[in-house]
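Novice: This is a predicted model, with the sequence first.
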Amino acid sequence: MGFFDGLLKKIPFVSRFSKKKEPVNNVELQFNKAMNLMDNGDAEESVNILEQVADIGIMDAQYKSYGDDALLALAEFYEKGKYRNAVVDVDLNKATKYYEKYVNQNHDGDVIFKLAKMLLEVQNFSKAIKYYELAATDYGIKAAYMSLVRYMRADLTEWMSMATRVIMSYLSIWTRP
């Protein structure tokens, strides 16, 4: 088989299957472990591991893709309360924290828009406006324009009704005999 053995190694399609796989790096192992824990329903330990992977991904560009995937998994986990088979109470504040970390690393317009909508839900209006403007101007997301206008209109309407109430209360005080 010596003749065919050398011949098979020279064919690119076949040689790909005969090679030994390179050892996997530690970050990938940790990420896979966290995903397996999510599959098994162990939320607490998997969150800890994913946070570590995300921190490594932020610090080291070599592991950026694992860090980004970990941040998105954590954000979705806390946004929806479920990821794979793991379940946790919905915590939009934590979800926005992970989405913000992700957005600071990757300028993804859809995630920025999603973050802006979520910040409105948790009533962090100043950050929501910032991210709506970013999504609308830098990434051309039309829905962000519309949401920003709707929010500003609602804010103006609320301000006008509050001002009317204040004026009416002052008038009632000053017009009393």
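Specialist: Done, it's in. Numbering: from 1, shown residues only.
Novice: need the contact list for Asp42.
Specialist: When contacts are counted by Cβ atoms under 8 Å, 6 or more residues apart in numbering, Asp42 touches Ala86. C-beta: built from backbone N, CA, C; applies to glycine.
Novice: so where is this structure shaky, pLDDT-wise?
Specialist: Along the chain, segments meeting pLDDT under 70 span 1-23, 144-145, 147-160, 162-163, 166-177.
Novice: Quick check: the gap between the most centrally placed residue in it and Lys130.
Specialist: Centroid check for the chain by Cα atoms, centre = their mean gives Tyr99 as the closest residue, at 2.9 Å. As judged by Cβ to Cβ, to the nearest Å, Tyr99 and Lys130 stand 13 Å apart.
Novice: Backbone dihedrals for Leu50, both of them.
Specialist: As for Leu50, its main-chain torsions (degrees, to the nearest 10) stand at phi -60, psi -40.
Novice: which secondary structure element contains the closest residue to it other than its chain neighbours?
Specialist: Nearest-residue entry for Leu50: Ala70, 4.3 Å, with adjacent residues in sequence omitted and distances by Cβ to Cβ, 6 or more residues apart in numbering. Using DSSP states H and E, Ala70 falls within helix 64-80.
Novice: Give the pairing partners of the helix or strand following that helix; include direction for each.
Specialist: Downstream of helix 64-80, the next assigned helix or strand under DSSP H and E is strand 82-83. Strand pairing for strand 82-83, determined by DSSP bridges: strand 86-87 (antiparallel).
Novice: Name the SS class of Cys107, please.
Specialist: Quick fix: residue 107 is His, not Cys. Judged by DSSP: H, G, I helix; E, B strand; the rest coil, the three-state class of His107 is coil.
Novice: For Lys142, see how far away it is.
Specialist: Distance, His107 to Lys142, by Cβ to Cβ: 18 Å.
Novice: These two: who's more crowded?
Specialist: His107 (12 against 9; other Cβ atoms under 10 Å).
Novice: Now do the stretch of helix or strand Glu44 belongs to and helix 64-80, the angle between them.
Specialist: Using DSSP H and E, the secondary-structure element containing Glu44 is helix 43-59. Interaxial angle of helix 43-59 relative to helix 64-80 (axes from the mean of the first three to the mean of the last three Cα atoms, to 10 degrees): 140 degrees.
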